[in-house]
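K.L.:
Below: sequence and its predicted model.
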Amino acid sequence: MSFTNRINGRDKTGGRHAAPEAGAPSTITAIPLTDVDVMSSATVGSLVKDATAQVSTLVRAEVELAKAEVTGEIKKGLQGSVLFILALTVLLFSSFFFFFFLAELLDVWMSRWLAFLIVFLAMVVFAFFLAFLGYLRVRKIRAPEKTINSLKEAKTVLPSSVGEQTAIDGRHAG
């Protein structure tokens, strides 16, 4: 059983062929809520069958809903990040004009070549400073010890043939 966004050939917004909302599925699976007559013909097997079907459909519907919601949010996040990247690109290109302005400003008090040299050296020192900070951050990266220990424990728990096969596959893959 499924419901669609259309009523009598028309969608709920009134247009005949309007596109569904972004990220929203056009068909949603519903839970088959049928009346279960417990007193007359219901056996334990049919009750279990009905309950299993309803739980399975409920789980599928929840997964579809979550997927639709997450897809929409990911699209919004991606659009926002693209705008941030564009803003940073414009800022990067604008920084050229700032440093040129700074050199021209220093030109008021000293010779032109010295002003541009000072700005250049300041930029190089700042670049080295940022590279040093990046190096310190990268140096702090450690191996995932918990995952490695967990895999070692899983290797001891698994039967020896499976553990050996995993070790062989790992050697050939790397």
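P.N.:
Yes, it's here. Numbering: from 1, shown residues only.
K.L.:
which residue ranges form the helices in the chain?
P.N.:
44-106, 112-139, 145-157, 160-173 (DSSP state H).
K.L.:
Including mean pLDDT, could the ones you listed go into CSV?
P.N.:
Formatted as CSV, the helices of the chain follow (pLDDT from 0 to 100):
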stretch, mean pLDDT
helix 44-106, 88
helix 112-139, 94
helix 145-157, 77
helix 160-173, 54
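K.L.:
so can I have TSV of those helices showing mean neighbour count?
P.N.:
Glycine gets a C-beta too; all of them are placed from N, C-alpha and C. As requested, the helices of the chain are exported to TSV (neighbours: other Cβ atoms under 10 Å):
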stretch	mean neighbour count
helix 44-106	12
helix 112-139	11
helix 145-157	10
helix 160-173	10
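K.L.:
Could you measure from Thr147 over to Val59?
P.N.:
Thr147 sits 29 Å away from Val59, taking Cβ to Cβ, to the nearest Å as the criterion.
K.L.:
actually Lys152, not the one I typed
P.N.:
Taken as Cβ to Cβ, the span from Lys152 to Val59 is 34 Å.
K.L.:
Then Ala122?
P.N.:
Between Ala122 and Val59 the distance is 60 Å, computed by Cβ to Cβ.
K.L.:
Next: Asp107.
P.N.:
71 Å.
K.L.:
Ala154 now?
P.N.:
27 Å.
K.L.:
And for Ser95?
P.N.:
52 Å.
K.L.:
cool, and Glu69?
P.N.:
In terms of Cβ to Cβ, Glu69 sits 16 Å off from Val59.
K.L.:
try Lys140
P.N.:
Distance from Lys140 to Val59, by Cβ to Cβ: 41 Å.
K.L.:
and what of Phe132?
P.N.:
Distance from Phe132 to Val59, by Cβ to Cβ: 51 Å.
K.L.:
likewise Lys155?
P.N.:
Separation of Lys155 from Val59 (Cβ to Cβ): 32 Å.
K.L.:
Could you do Leu88 as well?
P.N.:
42 Å.
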